[in-house]
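Undergrad: I would like to see how this sequence folds:
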Amino acid sequence: MSNEQASIYLKEMGISQWSLRETGPSFTPQAPLDASESQVPDTQTPAQAKTNLAPKVYWLFYGKAPSGDTELLFQNIIRALGLVQGEWEWREPSNTKAPDTPLPCIAFAFGADAAQLLSGEREPLENLRDVVLELSGQDIPLVASFDLGHLLQKPSDKALAWQDLLLARSVLQSI
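TA: Model prediction:
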């Protein structure tokens, strides 16, 4: 069976096929989380420039602004997802304006407060996880997960947060 056939079968079964993508130089821990300022710098070698792809998706991350160890955890999430400049943005939960992008978009809420505010739901986080919600007043899917601070205090929940990220990624792929 060829790789192309295998990919088709996996996609039909709803299984995401992952591949690594060069993300460029490392993040700096002190960088602010505004998407226009905090993502990978444009200084690239010719080899890196050839491997970088134009943004194809857009992630809106919501929650309490990370700092210190939570910012490092968030940066590692960005790396693990293989997101590059122009594919994500950090927002406060009160900022629900539509993103200025034609790309397929997913919203991801870190923490119960952010998920409840963004979705309009009043259920506890345990009931909001593993469900695709909708960003209030917009046609943007929303996935809820644990607060970054919680993940540092209870590392065993990182696996559950990764499942939430995979759910968001699969929803984004189906848009």
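
Undergrad: low-scoring stretches of the protein, by residue?
TA: Low-confidence segments of the chain (pLDDT under 70): 1-3, 6, 9-53.

Undergrad: Looking at it, which helix is longest?
TA: helix 158-173 (DSSP state H).

Undergrad: which strands and helices sit next to that one?
TA: Judged by 3 or more Cβ pairs under 8 Å, 6 or more residues apart in numbering; DSSP states H and E, helix 158-173 is in contact with helix 69-81, strand 105-110, strand 141-145. No exception for glycine: its C-beta is placed from N, CA and C like everyone else's.

Undergrad: now the ones you listed in a markdown table, with mean neighbour count and distance to P55?
TA: Shown next, in a markdown table, are the helices and strands packed on helix 158-173 (neighbours: other Cβ atoms under 10 Å; distance: least, Cβ to Cβ, whole Å):
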| stretch | mean neighbour count | distance to P55 |
| --- | --- | --- |
| helix 69-81 | 17 | 13 |
| strand 105-110 | 26 | 11 |
| strand 141-145 | 26 | 18 |
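
Undergrad: Quick check: chain neighbours aside, which residue is closest to R129?
TA: In space, and not counting its chain neighbours, R129 is closest to A144: 5.6 Å by Cβ to Cβ, 6 or more residues apart in numbering.

Undergrad: list the contacts for the one you found?
TA: 109, 112, 114-115, 119, 125, 128-129, 131, 133, 164 (Cβ atoms under 8 Å, 6 or more residues apart in numbering).

Undergrad: Mind telling me what element the residue nearest the centre of the chain is part of?
TA: Among the residues of the chain, W59 comes closest to the average C-alpha position under Cα atoms, centre = their mean, at 5.1 Å. Applying DSSP states H and E as the criterion places W59 in strand 58-62.

Undergrad: Sheet partners, orientation included, of that strand?
TA: Strand 58-62 has these partner strands in its sheet, going by DSSP bridges: strand 88-91 (parallel), strand 105-110 (parallel).

Undergrad: Report the angle between it and helix 158-173.
TA: The directions of strand 58-62 and helix 158-173 differ by 140 degrees, with axes from the mean of the first three to the mean of the last three Cα atoms, to 10 degrees as the criterion.
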